[in-house]
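**Student:** Fold the stuff below for me.
(one chain, ligands or ions: 2)
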Amino acid sequence: MATTKKKKAAPKTKKAASKELTAEEIRHADEREVGVGRAGDIPRENLMDWYRQMVLIRKFEQSCSEQYQLGKIGGFLHLYIGQEAIAVGSIAARGANDHVITAYRDHGHALAVGSETGPVMAELMGKVTGVSGGRGGSMHLCDVPRRFWGGYAVVGGHVPLGAGIALAEQYKGTDGAVLCYMGDGSTNIGYFHESLNLAKVWNLPVVWIVENNQYGMGTAVDRASATPEMVTKASGYDMEAHVVDGMSVCDVYWKTTDALKRVRAGEGPQFLEMITYRFEGHSMGDPLRYRSKEEVVKWRDDDPIGVIERRLIEQENCTQEELDAIDDQVEVEMAAAVKFADESPEPGLDTLYDHIFVEN
Ligand SMILES: Cc1ncc(C[n+]2csc(CCOP(=O)(O)OP(=O)(O)O)c2C)c(N)n1
Ligand SMILES: [Mg+2]
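**Tutor:** Numbering: from 1, shown residues only. Ligands and ions are numbered 1, 2, ... in the order given. So this is what the prediction gives:
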């Protein structure tokens, strides 16, 4: 796709590693694991679909940035560019009864669970056709039929809700589990520790996924957290924890698949620290003075879309034309989404008090 073509060098890919890398090794890796060779390796059509989903999220976010600058999106807007492999790879691993809940950087998760681009864009523009009726905006996307519960603006505030949904599934005796995503900053919040503790005590079916993108707003992780290694926090709750290469959609998929298997086998809550990087600012208008250009360039060389693109071309005999055709199809979908949102009405004044109280 256009964004990845501009890169100086595509990240190298390698076959499945025999040992798990540490967070530090992943941060400095010059090769990205792509999962080949593992039993039950991923079929080509799935990889192509993951590529399409990641390009869709990337182009959606680029379009959001444009719509924001045109004044059509109000409030805060946090882009997911650079982190696409996490939502796509982990949600691909979820079962039919599993739930998803996340923080305010939520557009990628919404699209990965299958929410349509038009209603998601309409939500960002505050239109009545939006996934949350135009009431929530960027930080409060929600899609109940797809078991996607949002979208929360209070850092760490949704973590106990993730535990609560897991408790409900356990109580009902289903095989449903929860994928609860959060930023590295959430792990410094009291709710995080209370939720992990209770999840372990009650053996709740939940996978905690920390998207460690190296920063909470303008503060580097090692300046705000007592330990820069998020996995060590799980050990305080005697919880199985693994480090994941968040730039490799395949690594994300396999580690989430394994974690969900352990949850369903009754082994209790699981913890995954996914190492990634936010390519853009924290939200719109971030002057990015807290990190060097060299650092950003280094991470852009590890673009998760570049990693999957490389695997498809080198190991799946995929042609550049096939990938370009997917990009073109996504462009058409995005144009239609913006048109749908533009043409949708705002909620009427007479509906101001709707959705405030529970209605029968
Ligand atoms: C309880 C609370 N404190 C502070 C804020 C302000 N705030 C918004 S985003 C953010 C940083 C969170 O960083 P992280 O959890 O790493 O998520 P990321 O933005 O990197 O995805 C902060 C401090 C907030 N929204 N809620
Ligand atoms: Mg962060």
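
**Student:** Just give me the neighbour total for the residue of the stretch 101-250 of the chain found nearest ligand 1.
**Tutor:** Nearest residue of the stretch 101-250 of the chain to ligand 1, counting by C-beta to the nearest ligand atom: G183, 2.2 Å away. Where C-beta positions appear, they are placed from N, C-alpha and C, glycine not excepted. G183 has 23 neighbouring residues, counting by other C-beta atoms under 10 Å.

**Student:** Adjust the sequence numbering to begin at 14 for everything that follows.
**Tutor:** Sure, I'll start numbering at 14, so the last one becomes G196.

**Student:** Mind listing the residues bridging to it?
**Tutor:** Note on G196: beta-bridge partners by DSSP bridges are E224.

**Student:** how much space is there between it and A237?
**Tutor:** 11 Å (C-beta to C-beta, to the nearest Å).

**Student:** before we move on, what about D367?
**Tutor:** Taking C-beta to C-beta, one finds D367 at 39 Å from A237.

**Student:** what about stretch 134-153, how long is it end to end?
**Tutor:** 12 Å (C-alpha to C-alpha, to the nearest Å).

**Student:** what's in contact with that stretch?
**Tutor:** 73, 76-77, 80, 85-91, 117, 119-120, 123, 128, 131-133, 154-156, 163-166, 350-351, 353-355, 357-361, 364, 367-368 (C-beta atoms under 8 Å, 6 or more residues apart in numbering).

**Student:** Tell me who's in contact with A247.
**Tutor:** A247 neighbours (C-beta under 8 Å, 6+ apart): L209, W221, E253, A254, F284.

**Student:** Dump these to a markdown table, plus distance to ligand 2, pLDDT and secondary structure.
**Tutor:** Shown next, in a markdown table, are the contacts of A247 (distance: C-beta to the ion, whole Å; pLDDT from 0 to 100; DSSP: H, G, I helix; E, B strand; the rest coil):
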| residue | distance to ligand 2 | pLDDT | secondary structure |
| --- | --- | --- | --- |
| L209 | 18 | 98 | helix |
| W221 | 15 | 98 | strand |
| E253 | 23 | 98 | strand |
| A254 | 18 | 97 | strand |
| F284 | 16 | 98 | strand |
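
**Student:** Surely the residue of the stretch 114-263 of the chain closest to ligand 1 and R118 touch.
**Tutor:** Yes - the criterion here is C-beta atoms under 8 Å, and G196 meets it with R118 at 7.0 Å.

**Student:** which residues do those two both contact?
**Tutor:** Shared contacts of G196 and R118, defined by C-beta under 8 Å, 6+ apart, are found at E224.

**Student:** confidence score at the residue in the stretch 114-263 of the chain positioned nearest to ligand 2?
**Tutor:** Going by C-beta to the ion, ligand 2 is nearest to G196 of the stretch 114-263 of the chain, at 3.8 Å. pLDDT, G196: 98.

**Student:** The one 5 residues further on now?
**Tutor:** According to the per-residue confidence, N201 scores 98 in pLDDT.

**Student:** One more: G53?
**Tutor:** G53 is assigned 60 on the pLDDT scale.

**Student:** for the one 4 residues further on, same thing?
**Tutor:** Reported pLDDT at R57 in the predicted model: 92.

**Student:** That one is in contact with E329, isn't it?
**Tutor:** Yes - R57 lies in contact with E329 (C-beta under 8 Å); the separation is 4.8 Å.
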